[in-house]
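Undergrad: Predicted model, plus sequence, below.
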Amino acid sequence: MIRRLDIAGNPYVGVFCAANDELAVVASDVPKSAVRHIEGALETRAVITRIGHSTVVGSLLAMNSKGILASPFIEEEEAEAIGDGVYPLPHRLNAVGNNVLCNDHGAVVHPGYDDEALAFMKEVLNVPVVRGTIAGIRTVGAAAVATNKGAVCHPHARPAEMDLLKTTLQVPVVITTANYGAAQVGACLVANSHGAVIGARTTSIEIGRIEEGLGLF
């Protein structure tokens, strides 16, 4: 299922939410009606919290079904609210949701992460981890969205970058925009294998591309 949604008038829903196939982590100031829409579209339960007292939880979490990487600023009670398997990444590139693109098969991450950080991410997510860019952009998590069925990414992604995504994530990759032309699709939507929630400004043509890319037919 794909559902259009704005959060308090903001169409960048990927900033306020992160998800895997079992769980959606949603910012604490998201209206209850929007939370219900997110749970319905993604077929998950929602955990309502902040990360480091911030509401941009989608920018501060990267998750697959095997583990959850969090900003080092996450508070103990925030991690406990999410549950088991939450690990703060001890690195200066702390917006892990913007810097890590992952599913249950692999992860492509910001080139600025050192070998120690890559080893940490590999252990938490239990997948191969490689450095990469999308359209030359290092914040790969903001430039794309990946699930276990497919991925959508920035429309200016280069062929070699798309090949790296396909090889690492082991899913088809489609270029698209969202929110009526926004290229940073990772900020515009949240998705898992069951569905997606996208900004209400997203056009029908963009929805078709997202459905194709994420295998949501």
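TA: Now that the structure is in, tell me what you want to look at.
Undergrad: Shouldn't Val108 be within a helix?
TA: No. Secondary structure assignment (DSSP: H, G, I helix; E, B strand; the rest coil) places Val108 in strand, not in a helix.
Undergrad: What residues does it make contact with?
TA: Contacts for Val108 were tallied using C-beta atoms under 8 Å, 6 or more residues apart in numbering; they are 100-102, 129-132, 134, 140, 164-165, 168-169. No exception for glycine: its C-beta is placed from N, CA and C like everyone else's.
Undergrad: can you tell me which two in those are farthest apart?
TA: Using C-beta to C-beta, the two most remote members of the contacts of Val108 are Val129 and Ile134, lying 15.6 Å apart.
Undergrad: Same drill for the two, tell me which one is more crowded.
TA: Using other C-beta atoms under 10 Å as the criterion, Val129 and Ile134 rank with Ile134 on top: 30 against 21.
Undergrad: got a markdown table for the contacts of Val108, with distance to Leu118, pLDDT and secondary structure too?
TA: Rendered in a markdown table, the data for those read as follows (distance: C-beta to C-beta, whole Å; pLDDT from 0 to 100; DSSP: H, G, I helix; E, B strand; the rest coil):
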| residue | distance to Leu118 | pLDDT | secondary structure |
| --- | --- | --- | --- |
| Val100 | 10 | 98 | strand |
| Leu101 | 14 | 98 | strand |
| Cys102 | 12 | 98 | strand |
| Val129 | 5 | 98 | strand |
| Val130 | 8 | 98 | strand |
| Arg131 | 7 | 98 | strand |
| Gly132 | 12 | 98 | coil |
| Ile134 | 18 | 98 | strand |
| Val140 | 14 | 98 | helix |
| Leu164 | 15 | 98 | helix |
| Leu165 | 17 | 98 | helix |
| Thr168 | 12 | 98 | helix |
| Leu169 | 16 | 98 | helix |
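Undergrad: could the residues you listed go into CSV alongside distance to Ser28?
TA: Below are the contacts of Val108 laid out as CSV (distance: C-beta to C-beta, whole Å):
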residue, distance to Ser28
Val100, 22
Leu101, 25
Cys102, 24
Val129, 30
Val130, 34
Arg131, 33
Gly132, 32
Ile134, 30
Val140, 27
Leu164, 35
Leu165, 32
Thr168, 33
Leu169, 30
